[in-house]
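J.: Generate a structure from the sequence data that follows.
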Amino acid sequence: MKHTLLATTALVAISSAASAEITISGTARVGLVTTEGAAAVKADSVMGATKGHDALLNLLDAVKTYKASNFLGTKAVSGVAIDADIGDIAAVSAAEVSNIAALRAAIAREAGTGVSVAGRAAAVIDLASVDAIIAATNATTNAETAKASDTTVGKNRVRISFAGSGTTDGGLTYGFSARADHSNTSTGGSQYISGAFGKISMGDLNGGDEQMVGNLSGVGSSGAGSHQEFAYQSASHNIGYSVSMAGVSLAATTDLVRGADATKTGSNTAYGVKWSGDMGGATVGFAYGKSKIGNVSEDSMSASVSMGGLSITAVSHTNDNGPATTGSAEVTGSHGVAYKAAVADAANSDTDTTGLSISYAMDAMSVTAFTRTEATTGVADKDYSGVGFTYNLGGATLKAGFVDSNDISIMDFGVNFSF
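T.: Presented below is the predicted three-dimensional model:
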């Protein structure tokens, strides 16, 4: 089949030693993606038994006793029960809410208790805070959602890419890469200069950890949701250094403040190291990466092996969301006890993500499968898996993939072109 190459190369002679080159290439795709609709979800609520709530509910016992002795004195208030044992969160019932409401009303109307108007007003404020505490013990976790219908959408795209490279008289290499939708006023694209010292890059860069550790192999014409990728927090770094020697590669990146999305406080670094070499006829690689953005750190590792048409990659990724924070309560005020609503505990649980992909190529056809699991303490695991194939038509590639995205099915089929 005749293949027409639409890449254009411009070669400009700078001097007898220096030269520069610009290449233009393009990619395009047409296809369909079908996504299974999600099932309906009923609203539900879970009682939030946090340490902050426990502390405030213990104070609830104290405030009831305090109001009884200081505001009501020895005078009985008809119909008001104030001696119920609260105990724990489970014991805060509608009856308790009613009792507190009745107590508030009694304080407001009992002028004969010897308590000043200001004192009674303070009591009403305190009791309103207690009501807020009780309300905080129930937290709605899932709002009701209707069933979502299956959807089928067209996926088509074209991109024109530009790349340039050159060499100075002194032997330094420089270059750039960009897409047609970038301009000289944006931070898109990337530029570099390299030499014996290594390579310095600026622009749209993956973090040093992602550069070395990488992702799994995906399926489908448009990626079928790209669930083979890991969530590297360093994805928006804009300056980096890399060097390779004797089979070992090192990359380090950061994000110089350039806009609202840049981290302005705390750490903002990422690095990765990778070794690759030949072992018994197979190409083997091991990589480790780490990043720290603000107070959140991530560690990632990968191992890969390829032999003949078989390629296997395993990736492990852990993010440390920072130290746990505990809810709090205050005891202040001239009348003995004043309450401040609880600050909910934040567990900041780590998320561990592991995955494996296998690809096998035979002549013009290749088959790929992957699986990835996200595990967060206290949250149900999320599982993603996919299988797909590609067939090289010569300049165009037929691609199809099926992905189970945490129990939601995605089918992705289309043709990809290269120019």
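J.: Look at Gly285 and say how many residues are nearby.
T.: The local packing of Gly285 (other Cβ atoms under 10 Å) involves 18 other residues. (C-beta placed from N, C-alpha, C; glycine too.)
J.: element containing the spatially closest residue to it that is not a sequence neighbour?
T.: Closest residue to Gly285 apart from its sequence neighbours, by Cβ to Cβ, 6 or more residues apart in numbering: Ser276 at 3.9 Å. Under DSSP states H and E, the secondary-structure element containing Ser276 is strand 267-279.
J.: What residues of that strand count as buried?
T.: Neighbour-count burial for strand 267-279, counted by 16 or more other Cβ atoms under 10 Å, picks out Asn268, Thr269, Ala270, Tyr271, Gly272, Val273, Lys274, Ser276.
J.: Kindly state the pLDDT recorded for the residue nearest to Gly285?
T.: With respect to pLDDT, Ser276 has a value of 95.
J.: now swap in Asn142 and tell me
T.: The model reports Asn142 with a pLDDT of 61.
J.: same question, Val315
T.: Note on Val315: pLDDT of 97.
J.: What of Thr326?
T.: 55.
J.: for Thr265, same thing?
T.: In the predicted model, Thr265 carries a pLDDT score of 56.
J.: what residues are up against the residue nearest to Gly285?
T.: Remark: with contacts taken as Cβ atoms under 8 Å, 6 or more residues apart in numbering, Ser276 is in contact with Gly247, Ser249, Thr283, Val284, Gly285, Phe286.
J.: List the contacts of Ile200.
T.: Residues near Ile200 by Cβ under 8 Å, 6+ apart: Tyr192, Ile193, Ser194, Ile239, Gly240, Tyr241.
J.: re earlier: of the buried residues of strand 267-279, which one scores lowest on pLDDT?
T.: Scoring the buried residues of strand 267-279 by pLDDT puts Asn268 last, at 88.
J.: I'd say it and Ile293 touch.
T.: Yes - with the criterion set as Cβ atoms under 8 Å, Asn268 and Ile293 qualify as a contacting pair; they are 5.7 Å apart.
J.: Quick one: work out the angle between the helix or strand following the strand holding Ser276 and strand 267-279.
T.: Helices and strands here follow DSSP H and E; after strand 267-279, the next one along the chain is strand 282-294. Taking axes from the mean of the first three to the mean of the last three Cα atoms, to 10 degrees, one finds strand 282-294 and strand 267-279 inclined to each other by 170 degrees.
J.: Partner strands of the helix or strand that comes right after strand 282-294, with direction?
T.: From strand 282-294 onward toward the C-terminus, using DSSP H and E, the following helix or strand is strand 296-307. Strand 296-307 has these partner strands in its sheet, going by DSSP bridges: strand 282-294 (antiparallel), strand 310-320 (antiparallel).
J.: Pull the residues that contact the last one.
T.: Residues external to strand 310-320 that are found in contact with it (Cβ under 8 Å, 6+ apart): 213-217, 230-233, 296-306, 350-361.
J.: So for stretch 406-419, what gets flagged as buried?
T.: Ile410, Met411, Asp412, Phe413, Gly414, Asn416, Phe419.
J.: Report the beta-bridge partners for the third one.
T.: Yep, that's Asp412 we're talking about. As for beta bridges, Asp412 partners with Val33, Gly401 under DSSP bridges.
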